[in-house]
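Asker: this is a predicted model, with the sequence first.
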Protein chains: 2
Amino acid sequence: MARIEDVARSAGVSTATVSRALRGLPHVSSETRERVREVARELGYVASPSAASLASGRTRTIGLLTPWVNHWFFANVIDGAERALRAQGFDALLYTFEISRDLRRRQVDPDVLRRRVDGVIVVGMPLDRDEVAALVGLGHPLIFIGTGAPGQVTVRVDDLRTATEATEHLLRLGHRTIGHITGSPQDNAPWAPPIDRRSGWKEAMARAGAAPSPELEVNGYFDVEGGRESTCRLLARRPDVTAIFAASDEMAMGAILAARELGRRVPEDLSVIGIDGHDLGELVGLTTMAQSAEDQGTAAATLLLGMIAGTPAPEQVIFPTQLVVRTSTSAPVAHLAT
Amino acid sequence: MARIEDVARSAGVSTATVSRALRGLPHVSSETRERVREVARELGYVASPSAASLASGRTRTIGLLTPWVNHWFFANVIDGAERALRAQGFDALLYTFEISRDLRRRQVDPDVLRRRVDGVIVVGMPLDRDEVAALVGLGHPLIFIGTGAPGQVTVRVDDLRTATEATEHLLRLGHRTIGHITGSPQDNAPWAPPIDRRSGWKEAMARAGAAPSPELEVNGYFDVEGGRESTCRLLARRPDVTAIFAASDEMAMGAILAARELGRRVPEDLSVIGIDGHDLGELVGLTTMAQSAEDQGTAAATLLLGMIAGTPAPEQVIFPTQLVVRTSTSAPVAHLAT
DNA sequence: CTGCCGTGCGGGAGCGCTCCCGCAAAACCG
DNA sequence: CGGTTTTGCGGGAGCGCTCCCGCACGGCAG
C-alpha cells in the first residue's frame, strides 16, 4: 500500500509538497501539483485517515447521536445530514441510544467521542445538563436538531406555533373536546418538543374557551403502538372526545388504528391530526402539520461544518411547518347535524 | 488531555504496560492492572483512536453501505447492526448511495473506506462486479444483507420461497389473475431480491396453471409512490386483475392507495399482499410475508466481527419469513358469488 | 544443580501523516 | 536598483499509540 513517501519519491518532491499538493493547499506550483496528482493516481495512493488525524488533530468525522434510526423523523434527518456531510468529505459516525418505555436511556458517554470526531449532531434526544456539559467539554462544535439544550445551537420547528395551528384547525372545524397525545411522562426537559406541543394545544384550547383538562391528555410515547393504546384509554375515559391532536404522525396513526378498533369512524366520529408529514400519511389520509426532517438534517450538517470552519452560527434555525389537510379531520358529526 | 505517557509516569510503569493493562492483554499482574486503571480514571485518560489505529492497523470501525436509511428495511437493519457493533466496542460509519428512479446510483468508491474500516456491511444494495472486487480488494471482511454477491457472505431471506408462498396465499384464496409489482427495470443482478421474488411469483403461477404474463408485471421501484402509480397502470391495462403481490410492503401500500383512488375496494375488489412486515402494515391491514430486518442487521454485524476475529463464516445465513394475514387479502368477489 | 519455560515488565522503533521553519529564487515597490 | 515580500519547496520533529524484543526472576522437571 503506497505511502506518502512513495509518492514523494516517485514525483521527485518532498512529502511536505505531496501533502500540500493533494490537499489543495497553496505554495505549490500548478505543474508540481498536477504531477503529484498524477503519480498519486498511478500508485493508487490514498492518505491514511488515522495518520492524518493523529498529525493534524482533525478527524473529518462527525458524530450523529440519535435514539433510533428506524423512526420517520430520525431516519430522514440522518439521511439529510449524512449526504451533506459526505458532500464536504466528512464521515458520519452513528451512535444510537434507544429510548424505550421502561428502560432509562443509556447515558451519553463523551469518552467514546473523544478525539474521534470534529463535531457532534444530536438528533431528537433530550439530554440532561451533565450530558450537555460533557459534550461541550469535548471542545468541538455541537448542534441539536428537534430537541434543544439551553445556550446550544438548535435546528428545529416552532413547536408551540405548530401545535397551536394544529389545534386551531380542529377548533375551526367545530371541535371543542380535543384530546392530546404527548410523549412520555419522563419528557420534562423544558426545551423538548413534546412540552411545547402540549403548551400549544393548551393555549389554543384556553384561548378558544375550551378547557384543556389533564383528563384529555395521554402518553403515546411517540410510536404507533403508544398512540393506539393511549387513544383507547382516552376514549374510554372521555367518550365525548371528538378530535385528537397527536404530537407525531406515528402516534396519530396509532390513534386512527384505535378508532377503527373501537368502531369509531374517522373523521366522522373522530378527527385526528398529527405532526410530521410522514411518508405514509397519505395512505391513511392523515391530516398533519408537515415539516421537512431531511432539510433540517442538511441544515444542521452545513451549520456544523461552518462552525468547524470558524463561521459563527445563529443560536436557532427555525424551519417552517405547514398544515396538510387530508381526510382524517372534519367537522364533528354532532356539529354537522345541527 | 492526558496521554499514555502521563498514565505510565503517574502509575510508575512503562507505556507498554499501560497499553497492555488497559486493553486487557496478558503479562500484567492484576495489582499493576488495577493501579493503571485507577490512574487512568483519575487522569480521565482515553486512548486516541487515531494513534491506536495508526500503530495497530486496526480501526475498530465498520462501514455500513446502504442506499438510504429512511426506508423500513434499511433503517431497521442499520439499527440492529449498529447496536450489535457498539456492544463489541466497534463504531459504525454510515455511507449512503441514494438509488433514485432516474439517476444512476453513485459508484462505491473503495478509496473512502481504505484504512478507515475493519470490515464492511452492504445493506440491500446490488453492486456490480467491479464494485464487489473493489470492496474485496480492501482486504477486510465483507458481508451482504438482502442483496448478495456471488461468493460473498450473505444474510438474507429465501426470496424465491417467500414470493412463492405469498403468491400461493392468493392462489389458495381463489385468485387466478395476480399482478406483480417488482422493483426497477434496472434490477438485473441475478442475486437481487426483486429477481427472485418475481421468479417465485412466476413459478407459483405457472404451477397453478395461471399464466404469469409479462402484462401482469409492473415496476414499483420499491417505494409507496411507485407502488401507487404502477398499480394504476396495471389495472388500466388489465382490469381483470383481482390480486396483487408486491415485492415490498411499501409498494403494497401504494397499491392499496391506488385501489382506493380507482374506487376499488380492498380486499373485495382487489387483494394485496406485500413482503416485509412494515411497522405500519397493521394500520392498513396489510397482509404480508414478514421478515425481521433488525435481526438480520444484528446477525450480519455479529458474523462480521467473527470474521474479523478469524472465525470462518457460513456463506449464507437465511432468515425466515412468515405469512401474516390481515385484511388486505380475501377471496375475489366473483369467487365469493359462485 | 542445571537448563528451560512462563510471567511481568521496560525500551524503543515504528505507524504515516502534518506543519513549523528555513532557504532560495522570483516578484514587487518606491 | 536595493530592499522587502511572496512563492515554491525541503527537512524533520512531532502526533500518541502498538508491538517486537530483551531481560530478570521464579518455578519446575530431569
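Answerer: In hand now; what should we look at? Residues are numbered from 1 along each chain as shown, chains lettered A, B, ... in the order given.

Asker: residues in contact with the strand or helix carrying A:E225?
Answerer: If you go by DSSP states H and E, A:E225 is part of helix A:224-237. Residues from elsewhere that reach helix A:224-237, judged by C-beta atoms under 8 Å, 6 or more residues apart in numbering or on different chains: A:101, A:179, A:181, A:215-216, A:218-221, A:241, A:244, A:246, A:248, A:250-255, A:257-259, A:261-262, A:264, A:270, B:279-280, B:282-283. Quick note: C-beta positions are derived from backbone N, CA and C, even for glycine.

Asker: one more time with 7 Å, if that's ok
Answerer: Contact with helix A:224-237 is made by A:179, A:181, A:215, A:218-220, A:241, A:244, A:246, A:250-255, A:257-259, A:262, B:279-280, B:283, as judged by C-beta atoms under 7 Å, 6 or more residues apart in numbering or on different chains.

Asker: restricted to buried residues, select the residues you listed in PyMOL.
Answerer: Applying 16 or more other C-beta atoms under 10 Å in any protein chain shown to the contacts of helix A:224-237, the buried members can be selected in PyMOL as follows:
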select buried, (chain A and resi 179+181+218+219+220+241+244+246+250+251+252+253+254+255+257+258+259) or (chain B and resi 279+280+283)
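
Asker: rewinding a little: what about the helix holding A:E225, average pLDDT?
Answerer: Mean per-residue pLDDT for helix A:224-237: 96.

Asker: same deal with stretch A:90-110?
Answerer: Across stretch A:90-110, the per-residue pLDDT values average to 89.

Asker: A:R41 sits in which helix or strand?
Answerer: Here A:R41 is assigned to helix A:30-43, by DSSP H and E.

Asker: what distance separates the next helix or strand after that helix from the centre of its chain?
Answerer: Downstream of helix A:30-43, the next assigned helix or strand under DSSP H and E is helix A:49-56. For helix A:49-56, the gap between its own C-alpha mean and the chain's C-alpha mean amounts to 31 Å (C-alpha atoms, centre = their mean, to the nearest Å).

Asker: quick one: the very next helix or strand once past helix A:49-56 near DNA strand C?
Answerer: Next helix or strand after helix A:49-56 toward the C-terminus (DSSP H and E): strand A:61-66. No. Judged by C-beta under 7 Å from any atom of the strand, strand A:61-66 makes no contact with DNA strand C; its nearest approach is 14.3 Å.

Asker: parallel or antiparallel, list what pairs with strand A:61-66.
Answerer: Taking DSSP bridges as the criterion, strand A:61-66 sits next to strand A:91-96 (parallel), strand A:119-123 (parallel) in its sheet.

Asker: and these, which is most packed in?
Answerer: strand A:119-123 (a mean of 25; mean count of other C-beta atoms under 10 Å in any protein chain shown).

Asker: what mean pLDDT does the helix or strand that that strand is followed by get?
Answerer: Next helix or strand after strand A:119-123 toward the C-terminus (DSSP H and E): helix A:129-136. Regarding helix A:129-136, the rounded mean pLDDT is 94.

Asker: any idea how far A:P239 lies from A:R264?
Answerer: Using C-beta to C-beta, to the nearest Å, A:P239 is found at 10 Å from A:R264.

Asker: quick one, which of these two is more surrounded?
Answerer: A:R264 (18 against 11; other C-beta atoms under 10 Å in any protein chain shown).

Asker: and whichever helix or strand comes after the helix holding A:E225, what does it pack against?
Answerer: The C-terminal neighbour of helix A:224-237 among helices and strands, as given by DSSP H and E, is strand A:243-246. Helices and strands touching strand A:243-246, by 3 or more C-beta pairs under 7 Å, 6 or more residues apart in numbering or on different chains; DSSP states H and E, are helix A:159-172, strand A:178-182, helix A:249-261, strand A:271-276.

Asker: mind listing the strands strand A:243-246 pairs with, and their directions?
Answerer: Per DSSP bridges, strand A:243-246 is paired in its sheet with strand A:178-182 (parallel), strand A:271-276 (parallel).

Asker: related to what we said a few turns ago, joint contacts of A:P239 and A:R264?
Answerer: Contacts common to A:P239 and A:R264, judged by C-beta under 7 Å, 6+ apart, are absent.

Asker: circling back: could I get the strands paired with strand A:243-246 in JSON lines, plus columns for distance to A:E294 and mean pLDDT?
Answerer: Listed next are the strands paired with strand A:243-246 as JSON lines, based on distance: least, C-beta to C-beta, whole Å; pLDDT from 0 to 100:
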{"stretch": "strand A:178-182", "distance to A:E294": "25", "mean pLDDT": "97"}
{"stretch": "strand A:271-276", "distance to A:E294": "12", "mean pLDDT": "98"}
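
Asker: I'd assumed B:A52 was in contact with A:R115.
Answerer: No. Applying C-beta atoms under 7 Å as the test, A:R115 and B:A52 come out as separate, 9.9 Å apart.

Asker: flag every residue of chain A that's near DNA strand C.
Answerer: By C-beta under 7 Å from any atom of the strand, the residues of chain A that approach DNA strand C are A:1-5, A:15-16, A:19, A:23, A:45, A:47-48, A:51-52, A:54-58.

Asker: please redo it, this time with the cut-off set to 6 Å
Answerer: Contact residues (C-beta under 6 Å from any atom of the strand) of chain A with DNA strand C: A:3-4, A:15-16, A:19, A:23, A:47-48, A:51-52, A:54-56.

Asker: closest one to DNA strand D among the strands paired with strand A:243-246?
Answerer: Nearest of those to DNA strand D, taken as C-beta to the nearest atom of the strand: strand A:271-276 at 43.3 Å.

Asker: can you list contacts of the closest one?
Answerer: Counting by C-beta under 7 Å, 6+ apart, A:72-73, A:162, A:166, A:169-170, A:173, A:175, A:197, A:242-249, A:251-252, A:255-256, A:266, A:286-291, A:328-330 sit against strand A:271-276.
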